[in-house]
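Engineer: Sequence first, predicted coordinates after that:
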There are 2 protein chains.
Amino acid sequence: MTFVLHPRLVTATVPIGDLPLSRVLLLDDHRYPWLLLVPRRVGVEEIVDLPPVERAQLIEEMALLSAVLREAFSPFRLNIADIGNKAEQLHIHIVARDPGDEAWPAVVWSRGLAPYDDAKARLAVRRRVLAPLAGRGDFIELAHHTDPGVDRL
Amino acid sequence: MTFVLHPRLVTATVPIGDLPLSRVLLLDDHRYPWLLLVPRRVGVEEIVDLPPVERAQLIEEMALLSAVLREAFSPFRLNIADIGNKAEQLHIHIVARDPGDEAWPAVVWSRGLAPYDDAKARLAVRRRVLAPLAGRGDFIELAHHTDPGVDRL
């Protein structure tokens, strides 16, 4: 079976690219720089259901996106979570947080989505996230959600 | 410097024990079976600031506690998060969730704490979490928050 992104994740995001295990997405919410990591594994809903070697890769990809958000946005804090109560496909949220952002110090989840005003603003954030990833040998940029998943782990 | 648990985490939890990297705590909230993993590392606030070998250990301990909650409570879903907006010491939430629990499908954070009615009820949950851990060679039970941290990684 081929990996297919959950419809809820398709509609709420723009793609950035693929790391060895996971697809990297930008959530369409202008309130916080907010990335998602989606392991390209069919039917996996929880971290514990990945094999250990892929769990080790997943936390390295979480650390990489943490470093990317730090480089691009210098946040006060990172919030990282695997929730999935509404979209059961395993996906990890990585959010750049700052005192004074719309939810601080509360969490960003269960507050709905506030999409970017226009495609240009969303593209600007996407570009800042992409910059530190683009030169890596283990990263492939994806322009559209229709690109096929590439399994490289 | 010696590892000392953040005061906010001391007051909100009862200790369960130590895994090779992290202390395991039960959050004092009767609404959901809710564990915390706190890496016994001084000054570490984010996952990305652990070295890679400790990140790999951390996600294995996250998976272990996921399996423990599954065995003890058969939840519909696990919610796992590193937030730390109020207690900067790195700590990972691992929460057993079910449709029909107090917050479902919303997240459990930023809703305050609802402590167990009595020590007996809290102890019963602690015992159910402890059962699958007690026989492991890499786990040491801790009875009180005053026990010293043991660094075994």
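Structural biologist: Looks like it came in fine. Numbering: from 1, shown residues only, chains lettered A, B, ... in the order given.

Engineer: who are the neighbours in contact with A:His144?
Structural biologist: With contact set as C-beta atoms under 8 Å, 6 or more residues apart in numbering or on different chains, A:His144 has these partners: A:Pro15. Just so you know, the C-beta spots here come from the backbone N, C-alpha and C atoms, and that holds for glycine as well.

Engineer: Doesn't it lie inside a helix?
Structural biologist: No: looking at A:His144 with DSSP: H, G, I helix; E, B strand; the rest coil, it is coil, so not inside a helix.

Engineer: What values do phi and psi take at it?
Structural biologist: phi -140, psi 160 (degrees, to the nearest 10).

Engineer: Output the set of residues of chain A in proximity to chain B.
Structural biologist: Within chain A, the residues that sit near chain B (C-beta under 8 Å from any C-beta of the partner chain) are A:45-48, A:52, A:55-56, A:58-60, A:62-63, A:66-67, A:70, A:77-86, A:88, A:97, A:103-107, A:109-110.

Engineer: What's the local residue count around the nearest residue to A:Leu19 once chain neighbours are set aside?
Structural biologist: Excluding the flanking residues, the one nearest A:Leu19 by C-beta to C-beta, 6 or more residues apart in numbering or on different chains is A:Glu61, at 4.9 Å. Neighbourhood size, A:Glu61 [other C-beta atoms under 10 Å in any protein chain shown]: 19.

Engineer: how much space is there between A:Glu61 and A:Gln89?
Structural biologist: Taking C-beta to C-beta, to the nearest Å as the measure, A:Glu61 falls 16 Å from A:Gln89.

Engineer: can you pull the pLDDT of the residue sitting nearest the centre point of chain A?
Structural biologist: Ranked by distance to the mean C-alpha position of chain A (C-alpha atoms, centre = their mean), the top residue is A:Leu36 at 1.6 Å. Listed pLDDT for A:Leu36 reads 98.

Engineer: tell me which element it falls in.
Structural biologist: For A:Leu36, the enclosing helix or strand under DSSP states H and E is strand A:34-39.

Engineer: what sits up against that strand?
Structural biologist: Here strand A:34-39 has contacts from A:5-6, A:9, A:13, A:16, A:19, A:21-27, A:50, A:54, A:58, A:61-62, A:65, A:68-69, A:89-96, A:108, A:129, using C-beta under 8 Å, 6+ apart.

Engineer: Apply 6 Å and report the result again.
Structural biologist: Contacts of strand A:34-39 with the rest of the structure, by C-beta atoms under 6 Å, 6 or more residues apart in numbering or on different chains, involve A:Leu21, A:Ser22, A:Arg23, A:Leu25, A:Leu27, A:Glu61, A:Leu65, A:Leu90, A:His91, A:Ile92, A:Ile94, A:Val95.

Engineer: same thing with stretch A:91-106?
Structural biologist: Contacts of stretch A:91-106 (C-beta under 6 Å, 6+ apart): A:31-38, A:65, A:69, A:73, A:75-77, A:79-82, A:108, B:85-86, B:110.

Engineer: Next, the closest residue to A:Ser110 other than its chain neighbours: secondary structure please.
Structural biologist: Excluding its sequence neighbours, the residue lying closest to A:Ser110 (C-beta to C-beta, 6+ apart) is B:Ala106, at 3.7 Å. Classification of B:Ala106 using three-state DSSP returns coil.
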